[in-house]
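> Give me a 3D structure for the following:
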Amino acid sequence: MNLSDCYRIMGIRESATDDEIKKSFKMLAHKYHPDKNPQRIEWANNAMSALNTAYTTLMQLRFQEEKKEIKREPVRTAQTHQTVKPKKHVEKQKVKKSYYEPETEAREALHHDLLTKEFVKVRESTKNGLYQYFQYGIYNIARRENTASKNIFIKITANIKKSYHAIISLKKQTEDVDFIKHFDVFSAMIYNFYMASECINVIDSYSDAIEVEAYRLFKRGDDMLHPCEKEIFYDRHNRGFFKKEIADNLLLKSEANFKNILKIFPNSTWAVETKIKLQYAFALKEYLNLFFSEYSPRPHSMGI
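Numbers count the residues shown, from 1 in each chain. Modelled structure (predicted):
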């Protein structure tokens, strides 16, 4: 779906704020809801699916374009303490490297250390935001509607966007595969967390049996995903140790529920939200496997 169609379906201008997009979505979702259109159920289902797709596309675009507003702080080199800038490609004669180059290795080690420190700083800031998300129960859409919770949520999502683009910036400053792997997995997790948190479920009392069952599966998957997230980002910090087996089990069950929806009810109005939640479950699983497995490599002390 192209952007002009998204704005047209949402009934908003391109200059609309994120909050205006959400308000328009809620209003139109109630208008197009199948229970509000009993004489044209198929039309209502198609309208809801198109609305969900338009909303998701726009929120994804807003997230990705945020990088234009982010001021990147490049890592500095050890020797000159000058900003690392991209160099123009210049043909050079191949120079045979000596077996041991202490100065070069020292510079590379310090550069790695600086990258690690920057990543840890970004990661800790993000984890604090995710902790607050569950501390105040902001995953509850109804609770998020009150002014205090809404302001907290806005600050958390702004921090997540900033962290995401900061990590993208760090990734451009290294060719180390281990760094890139950690950057990719962490940025994918927080990006998909953001997209999943922006899923706004509008529920009345579906009369369509297919939609009812699709919602039940979606709700079941979501109800298992939330305690899994809460264990990872909140409970383990308060308790002092991590119940990883419980988190893994909840995540697998949640993933299975979302997969079943897409397999059994691919045309349901819940398909768009389900795909978003499933993608987040995949990203969260990669995050757990890399950062929390004692068998995973943790180069440069980047493990959590």
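> List the residues that contact the closest residue to Asp5 other than its chain neighbours.
Spatial nearest neighbour of Asp5, chain neighbours left out: Ala54 (7.0 Å); criterion: CB to CB, 6 or more residues apart in numbering. The C-beta positions use only the backbone N, C-alpha and C, and glycine is treated the same way. Contacts here follow CB atoms under 8 Å, 6 or more residues apart in numbering; on that basis Ala54 touches 1, 5-7, 9-10.
> For stretch 199-210, measure first residue to last.
20 Å (CA to CA, to the nearest Å).
> just stretch 173-180 next, same as before
10 Å.
> How about the least confident helix or strand in the chain by mean pLDDT, which residues are buried there?
Least confident helix or strand, the chain: helix 141-144 with a mean of 81, by mean pLDDT, DSSP states H and E. Along helix 141-144, the positions that meet the burial threshold by neighbour count (16 or more other CB atoms under 10 Å) are Arg144.
> Summarise which helices and strands it is packed against.
helix 147-171 (3 or more CB pairs under 8 Å, 6 or more residues apart in numbering; DSSP states H and E).
> Check which helices and strands the helix it packs on sits against.
So helix 147-171, by 3+ CB pairs under 8 Å, 6+ apart, packs with helix 102-135, helix 141-144, helix 177-197.
> Arrange the ones you listed in CSV, one row each, with distance to Ile276 as further columns.
Converted to CSV, the helices and strands packed on helix 147-171 look like this (distance: least, CB to CB, whole Å):
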stretch, distance to Ile276
helix 102-135, 17
helix 141-144, 14
helix 177-197, 5
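> out of those helices, nearest to His226?
Closest of these to His226 is helix 102-135, at 8.4 Å (criterion: CB to CB).
> For the closest one, which helices and strands make contact with it?
helix 147-171, helix 177-197, helix 209-230.
> Let's see that with 6 Å instead.
helix 147-171 (3 or more CB pairs under 6 Å, 6 or more residues apart in numbering; DSSP states H and E).
> how about low-confidence regions in the stretch 101-250 of the chain?
101-107, 201-207 (pLDDT under 70).
> distance of His112 from Ile9?
According to CB to CB, to the nearest Å, His112 and Ile9 sit 47 Å apart.
> Name the nearest residue to Thr274, sequence neighbours excluded.
Ile261 is the one closest to Thr274 (CB to CB, 6+ apart), at 4.6 Å.
> re the thing from before, of His112 and Ile9, who's got more company?
Ile9 (21 against 18; other CB atoms under 10 Å).
> can you give me the mean pLDDT across whatever helix or strand the more buried one lives in?
Under the criterion of DSSP states H and E, Ile9 resides in helix 3-10. The average pLDDT within helix 3-10 is 89.
> Packing partners of that helix?
helix 41-65.
> do that again at 10 Å, thanks
With contacts taken as 3 or more CB pairs under 10 Å, 6 or more residues apart in numbering; DSSP states H and E, helix 3-10 sits against helix 18-32, helix 41-65.
> Quick check: which of the helices and strands packed on helix 147-171 is buried the most?
helix 177-197 (a mean of 20; mean count of other CB atoms under 10 Å).
> the inter-axis angle of that helix versus helix 209-230?
Relative orientation of helix 177-197 versus helix 209-230 (axes from the mean of the first three to the mean of the last three CA atoms, to 10 degrees): 130 degrees.
> Any idea how far helix 177-197 is from the middle of the chain?
Here the centre of helix 177-197 is set off from its chain's centre by 7 Å, with CA atoms, centre = their mean, to the nearest Å.
> which other helices and strands contact it?
For helix 177-197, the packing partners by 3+ CB pairs under 10 Å, 6+ apart come out as helix 41-65, helix 102-135, helix 147-171, helix 209-230, helix 271-291.
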